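[1] Give me a 3D structure for the following:
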Amino acid sequence: MTVERMIELFEQRMENTNMGTFDEMEHPLKMEFKRRDLCAFVKLNELVEGNCDIISAAEHDQIWLGVELEDLAKVITEKDIIFLVDCGVFISDESLSMFA
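    Okay, the predicted model is just below:
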């Protein structure tokens, strides 16, 4: 998948979902961790392992995630995007982000 296509799919999912979706979804990570942010962090680590902190920056109530979009686009699926958006991940300023 290209980065552009991945961004498009993130934006489409963000337009078509609400923040309550996480509570309704069934996913093995949710069964284990039960917290949206932890599920997102674990899923991102599964997709693109790294040796730096998952949170790369924070300001006010927003955090930016230390995952390169180019690396993520190579391995992510539409199903993964749905899961991440339902966990509260979105694309902001060409990087992944979450509200705290």
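[2] State whether A57 is indeed within a strand.
    Yes - counting by DSSP: H, G, I helix; E, B strand; the rest coil, one finds A57 located in a strand.
[3] which residues does it bridge with?
    Beta bridges link A57 to W64, judged by DSSP bridges.
[4] Surely it touches W64?
    Yes - the pair A57 / W64 is scored as a contact, 4.4 Å apart, by C-beta atoms under 8 Å. From N, CA and C alone the C-beta is placed, and that goes for glycine too.
[5] Show the end-to-end separation of stretch 51-67, please.
    Taking C-alpha to C-alpha, to the nearest Å, the first and last residues of stretch 51-67 lie 11 Å apart.
[6] List the buried residues for it?
    54, 63-67 (16 or more other C-beta atoms under 10 Å).
[7] can you tell me which two in the residues you listed are farthest apart?
    I63 and V67 (12.0 Å; C-beta to C-beta).
[8] Residue ranges in this protein under the pLDDT threshold?
    By pLDDT under 70, the weakly predicted segments of the chain are 18-25, 27, 30-31.
[9] the helices in it, which residues?
    3-15, 21-24, 28-33, 36-47, 69-75, 78-86 (DSSP state H).
[10] Output those helices as JSON lines; include the columns mean neighbour count.
    Putting these into JSON lines (neighbours: other C-beta atoms under 10 Å) gives the following:
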{"stretch": "helix 3-15", "mean neighbour count": "15"}
{"stretch": "helix 21-24", "mean neighbour count": "14"}
{"stretch": "helix 28-33", "mean neighbour count": "13"}
{"stretch": "helix 36-47", "mean neighbour count": "18"}
{"stretch": "helix 69-75", "mean neighbour count": "15"}
{"stretch": "helix 78-86", "mean neighbour count": "19"}
